[in-house]
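> Sequence first, predicted coordinates after that:
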Amino acid sequence: MLGAVGILLYSPNHFRHLRLRAIGRLLAGLLLVVAEARAQEPPAAPEADPPAVGEGPEAAESPEAGETPEAGDSPEAEDSGEAERKLEPPRPIQLQPAHYPPSALARREAATVVLLVTVGVEGDVTDIEVAESAGAEFDRAARDALARWRFEPARRDGVAVPARISVPFHFDPPPVPPEPAPEPTEVDPESAGETPEELIVHGERPLRAKVRSSSDYHIERDVIAAAPRAEGAEVLRSAPGLYIGRSRGLAVGHSYMLRGFDSEHGQDIEFRVGGLPINLPSHIHGQGYADLGFLISETVWDVHVAEGVYDPRQGDFAVAGSIELHLGVGEDRRGVRLQSGYGRFGTSRQQIIWAPEEASNETFGAAQYQRTDGFGENRAAESASAIFQHRFGSGDLSYRAIGWMSSARGQLAGIVRRDDVDAGRICFECAYPYPTAQAQNALATRAMVGLFADYGGLDGGNGQLGVWLGRDDFRLQENYTGFVQRSRTLTSAVGRGDLIEQQNRTTSMGLTGRYRSGTARPTEWAHGTVEVGVDGRTDTIDQSQNLLDASVRRQTWDRRVDAGIRAMDLGLWGDLDWGFRGLLRARAGVRGDVLAYDVDDRLGNFAPGSRPDDAFHPGFRRSAYGVAFGPRTSLEVMPWHFLTWMVAYGEGYRSPQARMLSDGESAPFTKVRSVDLGPRFDFGDPLRLSLSGYHTRLSDDVAFDAEEGRLERIGGTQRLGAVAYAVTRPVPWLVGAASVTYVDATLREPPPATSEEPLPPFEPGQRLPFVPPLVVRTDLGVRGELVADAAGESLIGRIGSGLSALSSRPLPYGEYADPFVLLDASAGLEWGAVELNLECFNLLNAEYAALEYNFASDWDPNGPRTRTPARHLAAGAPFSWMLTLGVTL
Amino acid sequence: MMQTRTLGGVGLVALLLSACSDTGQARARVPLYLAGTDIEEAQGAGDVAITLERAALAFGPLYLCAGHQAGQYCERARLEWLESAVVDLLDPEPYHAGELVGVTGAVRSYMFDLGFASLLTLGQPLAMPATEDLGGVSLRVEGIARTESVDLPFTVALVVAQEVATELGVPVVRKQTTEVFAHEVGEDEPGLVIRFDPSSWLSGVDFSGFVEDAECAAAGTAVVCAQTVEQRCAPDGSVAQSRDCAETGEVCLRGQGCAERLWIEHGTPGASGIVSTVVAGTRPSFDFRGP
């Protein structure tokens, strides 16, 4: 179906040589960039003559022409000097297959579309024209695919230059024939100069399938933009089976639920943003804590949601799955964009996005500040974030620098008892009046930077090396239980309010690297690739948990945790990806992770009631070590061009909260086994549909314990569920997406009752608490031209909506949380550089609990103490709106 | 219209799912009945017969716990009743005092207060409404102790509350370690009857000690009782003044003289013994078969 056809200088005979060269160049390139960054010297004058001024403005203005002495400094330069004396064509490094148009299936005709496209100096694609048409449907399919390609730019004498190239797409009706052998590139060096070069380049299927199971989803930009988003992280609501909420203001991470996993703040989902890992191991507030509050939705290019664990690249916390957000700003939004929004509850959001028009879509900088008085009591908050990303470099290697910083502080209303609400003792959106409740707040700051070198070799092999650094500070004061705590260190101190203070500071650094070979074709009927990769990180964590007396200058009246943790996670993986005659595709991978912990538990062994003070010094230092190992496999059968059946099995892991480990303990990782089966139907834009059934089993799970304000172990769990997801673009101005997820999640082996815990909240076989069996999501976006010429500019209108519905969630001790439905809607106008949007959230003004728990608390300090579990809730936001004016300069 | 149907459909499915699911435990409400014992006579120390005229106890709050030990191991209770009520200890007929609320499952221990709830947040125990009916105490017993020499009317009026500093916030009466108490609480319980038997609560009180048959003596006490006659003694041991308490319907109490009746209150002889017996002595019976 796809014109498949590959690129450039591929030859199986020098496969090994090229692979070694690729790795060498990747390393050398990365070192070069790091060295340049450290030197901080002005760029050297170019040794090679740049194109003469006048040959083309792109060549003269290209900073790489003068700043990147790659031709002279690269280790590759010595043996490639001859090659750099001539024109090197652009090479595709990110490819998107074109799909055979369903509307042409009846004719079963072959067709070829040739497109002309300009590849900029940063490898971006612009000015797509149809040189040879095969009809509108084939033309559109080819254009849609090519618009998502990314290239290594053409080079002349080692200098990146723009190039105008032709890209033929050949469509064969199904079944797909074996891919033809690659053809050599036709280069016309003489044509370089004042006009961009015209080259012939042949495309090929991506070397590595992005989809590993029927539960892999790519949420594309138009779906993301369809519904209004109160904040950047809410783009994830469009992912099937995923619900994201934020009940504790701007400074505490979101709560995530993904296909039967109550992931709390991220314990079950591996998050990456622009390649940077977001989850924080052994965080005091929750294992795998992931705060996506820094995201700016306008800079989210697309979202890859891999539900299940079937890809060897998935590492720690990929239990329910992995989510990777790619950042970028589209062509229609490039320039300097200022945006200001004001809305209900004193909410305002100021935003600036700078995306140089000549740069690639991945290059941008953005900053955002927002504040709100908050709905109800004690919810005022402020936050600021800044993100930058820059794609640069040329040749086989390109580089991507990314960084972001964010900070937020917010007051918290905390939770209230539902029986108090029902009895009218407190309003739904209020906070308890006691100092210990009014003092709830959170502060979070975080910064991350990363540098990634991407390699796209001549043989089609590709790879990446990256290093990153992160720093996170988190402080939370929150009271869940009212007045039930006793001091464990001061025997006479009781009942001063259970205001838990949690502090966590993490400094992380890591590296990532992978290399996937070019396609090997040992026979005519089989082809495939192999990938090896490494992920590593070290974390230095300091954390504490105390009880504060809010009525007396936040005095600390008990110390619960004071620990330092040094953690290291080193993962290695290998992966085979082989196709057979276009009908069958098999992937077999394996991943192993080694984790090491050094825990300085400074309050360990502290037992004031039973041991004299002078017998020992408190503290319990320990270390632990363990290995997590598991396969990741999948099989893909394509009986018809529009149908793919996929089955996948994988084993993953989640690292433990290090403080739970004993000395010398073989780290008891949560082992997850997951299997997925289902078909994917692809009828092109009119309909893409995937159905998936899955079963997941965890050896050891955790759930939120309100009395400690953190996650505690609850034993093994399992989930059996199904997901249906459909995306439709029946006409160019309409996009719709819908998903339905059902899961039966049960608890297999909860901890038994003990003398210290005689009333455990969980019983074997019960439904897993906090997990909604049913999650429904729909997104709908309409965008079209209203007036072709309104004072010289076209007037574009758009409306959108997003609906999320959660069924009733089981709670501990036999209770249920209420189901709720949230409907968001927006309407906007675009007129030239000006844009006006009205966004409405919770349009139905549903009174719902964003969080609901069931535990024992006592929020009446002057009445008899209640000890039985009761439902507690954190109010969700009522109806709100925001009016936003944006101007692109 | 379409949206309404969509929402309705989602709601219906959610409702069905909720109805089918199982979370292991269920909300439980158990009617609570309180009762006394049909007794008129009790036994004091030294074979002193006691006729009880009134015996009332402020009861509550009550917690039933999942573990074998209550107290600080019952931070989460299976069932609780946070009210208070006056128990007529001499009335054997159970009366409905309220409902225990909580979740289903096994209960293996209990703990309760006697009208004064010990709170973590307050230095002094919280007086529940039932204590007001008893004049601000937990226990009020009135009767006549028939000693060898006199019939001694008495009133016991005591506050029984948690006084151990390290157990602040923990109810004062708890299941004993040797006591058998176990029940699997279901969703449809007929009721819990708690029956108190005060007959032994005064067994530690030596009523004979409150009366005497003595004469004034040199270096003796200032007031002595010659059975019902109060004698006020001069320093030299002679009787300075005397009167027969019986003439005014009073009794003569050792060291005190004529008095309308014997009051056993906090700090008086016998008080701590009664409190100890109530707190640590014979427990009430618990019957989940209902009244």
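Done, it's in.

> Any idea which residue of the stretch 151-300 of chain A lies closest to chain B?
A:Gly260 (12.8 Å; Cβ to the nearest Cβ). Bear in mind the C-beta positions are built from the backbone N, C-alpha and C, glycine included.

> For stretch B:236-252, give me every contacting residue.
B:150-153, B:211, B:215-220, B:225-234, B:257-262 (Cβ atoms under 8 Å, 6 or more residues apart in numbering or on different chains).

> Buried members of those residues into PyMOL, please.
Selection of buried members from the contacts of stretch B:236-252 for PyMOL, criterion 16 or more other Cβ atoms under 10 Å in any protein chain shown:
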select buried, chain B and resi 150+152+153+211+216+225+226+228+229+230+231+233+257+258+259+261+262
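
> re the thing from before, and the residue of the stretch 151-300 of chain A closest to chain B, what is it in contact with?
Shown in contact with A:Gly260 (Cβ under 8 Å, 6+ apart): A:241, A:320, A:696, A:719, A:721, A:741, A:743-745, A:768, A:771.

> And the pLDDT for it?
A:Gly260 carries a pLDDT value of 92.

> ok, back up a step: which of the contacts of stretch B:236-252 fall in strands?
B:151-153, B:225-226, B:229-233, B:257-259, B:262 (DSSP state E).

> Nearest to B:Ala165, out of the residues you listed: which one, please.
B:Ala165 lies nearest to B:Leu262 out of these, by Cβ to Cβ, at 31.4 Å.

> show me the contacts for the closest one.
Counted by Cβ under 8 Å, 6+ apart, B:Leu262 has contacts B:145, B:152-155, B:207, B:210, B:251, B:253.

> Now which of these would you call buried?
Members of the contacts of B:Leu262 classed as buried by 16+ other Cβ under 10 Å are B:145, B:152-155, B:207, B:210, B:251, B:253.

> circling back to that earlier point, between the ones in strands among the contacts of stretch B:236-252, which is nearest chain A?
Out of the ones in strands among the contacts of stretch B:236-252, the member with the shortest distance to chain A (by Cβ to the nearest Cβ) is B:Leu262, at 32.8 Å.

> who's the closest one bridged to?
With DSSP bridges as the criterion, B:Leu262 is bridged to B:Phe154.

> Distance check, it against B:Val229.
Distance of B:Leu262 to B:Val229, computed by Cβ to Cβ, to the nearest Å: 17 Å.

> Could you count how many residues lie near the residue in the stretch 1-150 of chain B that chain A sits nearest to?
Among the residues of the stretch 1-150 of chain B, B:Gly67 lies nearest to chain A; the distance is 2.6 Å by Cβ to the nearest Cβ. Applying other Cβ atoms under 10 Å in any protein chain shown, we find 23 residues neighbouring B:Gly67.

> Ok, the one 4 residues further on next?
For B:Gly71, the count of nearby residues is 16 (other Cβ under 10 Å).

> which residues does the nearest residue to B:Asp91 once chain neighbours are set aside contact?
Nearest non-adjacent residue to B:Asp91, counting by Cβ to Cβ, 6 or more residues apart in numbering or on different chains: B:Gly36, 4.8 Å away. Contacts for B:Gly36 (Cβ under 8 Å, 6+ apart) come out as B:55, B:87-92, B:195-198.

> What about those residues, which are in strands?
B:55, B:87-88, B:195.

> quick one: which of those residues is most hemmed in?
In these, the most neighbours by other Cβ under 10 Å go to B:Val87, 27 neighbours.

> Tell me if I'm right that that residue and B:Gly60 touch.
No. At 9.4 Å, B:Val87 does not count as touching B:Gly60 under the criterion of Cβ atoms under 8 Å.

> With adjacent residues omitted, what lies nearest to the residue in the stretch 151-291 of chain B positioned nearest to chain A?
For the stretch 151-291 of chain B and chain A, the shortest gap (Cβ to the nearest Cβ) falls at B:Leu168, measuring 5.5 Å. Of all residues not flanking B:Leu168 in the chain, A:Val494 sits nearest, at 5.5 Å (Cβ to Cβ, 6+ apart).

> residues contacting residue 152?
Here I'm looking at chain A. A:90-93, A:123, A:394-396, A:398, A:456.

> Chain B, not that one
Going by Cβ under 8 Å, 6+ apart, B:Leu152 touches B:144-146, B:207, B:210-211, B:251, B:261-262.

> quick one: stretch A:506-514 to chain centroid distance?
16 Å (Cα atoms, centre = their mean, to the nearest Å).

> What is the least confident helix or strand in chain A?
Within chain A, no helix or strand scores below helix A:57-61, which has a mean of 28 by mean pLDDT, DSSP states H and E.

> Grab the nearest non-local neighbour of residue 285.
Using chain A. Distances taken as Cβ to Cβ, 6+ apart place A:Gln502 nearest to A:His285, at 5.5 Å, with adjacent residues excluded.

> oops, chain B please
Nearest residue to B:Ser285, sequence neighbours excluded (Cβ to Cβ, 6+ apart): B:Arg195, at 4.7 Å.

> Let me see the ranges of the helices in the stretch 351-500 of chain A.
With DSSP state H, counting those that start in this stretch, the ranges of helices along the stretch 351-500 of chain A come out as A:418-422, A:435-438.

> Kindly compare burial across these and name the winner.
helix A:435-438 (a mean of 21; mean count of other Cβ atoms under 10 Å in any protein chain shown).

> Now stretch A:829-838 - C-alpha only, CSV.
C-alpha atoms of stretch A:829-838 as CSV (Å, rounded to 0.1, in the frame of the first residue of the first chain):
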residue,chain,number,x,y,z
LEU,A,829,-12.9,32.8,16.5
GLU,A,830,-9.7,33.3,14.6
TRP,A,831,-9.2,36.4,12.5
GLY,A,832,-5.8,36.8,11.1
ALA,A,833,-3.4,37.1,14.0
VAL,A,834,-6.1,37.5,16.5
GLU,A,835,-7.9,34.7,18.3
LEU,A,836,-10.7,34.9,20.8
ASN,A,837,-11.8,31.9,22.8
LEU,A,838,-14.5,31.2,25.4
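
> Okay, buried residues for it please.
Those would be A:830-831, A:835, A:837-838, for stretch A:829-838 by 16+ other Cβ under 10 Å.

> low-scoring stretches of the chain, by residue?
This is for chain A. Low-confidence segments of chain A, defined by pLDDT under 70: A:1-86, A:102-108, A:122, A:157-160, A:174-210, A:607-614, A:708-710.

> you looked at the wrong chain, it should be chain B
Under the criterion pLDDT under 70, the flagged ranges of chain B are B:1-24.

> Now chain A against chain B: closest residue?
Using Cβ to the nearest Cβ, A:Pro758 is the residue of chain A that sits closest to chain B, at 2.6 Å.

> Find the nearest non-adjacent residue to that residue, please.
B:Gly67 (2.6 Å).

> Touching, that neighbour and B:Glu75? I think so.
No. In this structure B:Gly67 lies outside contact range of B:Glu75 using Cβ under 8 Å: 9.9 Å.
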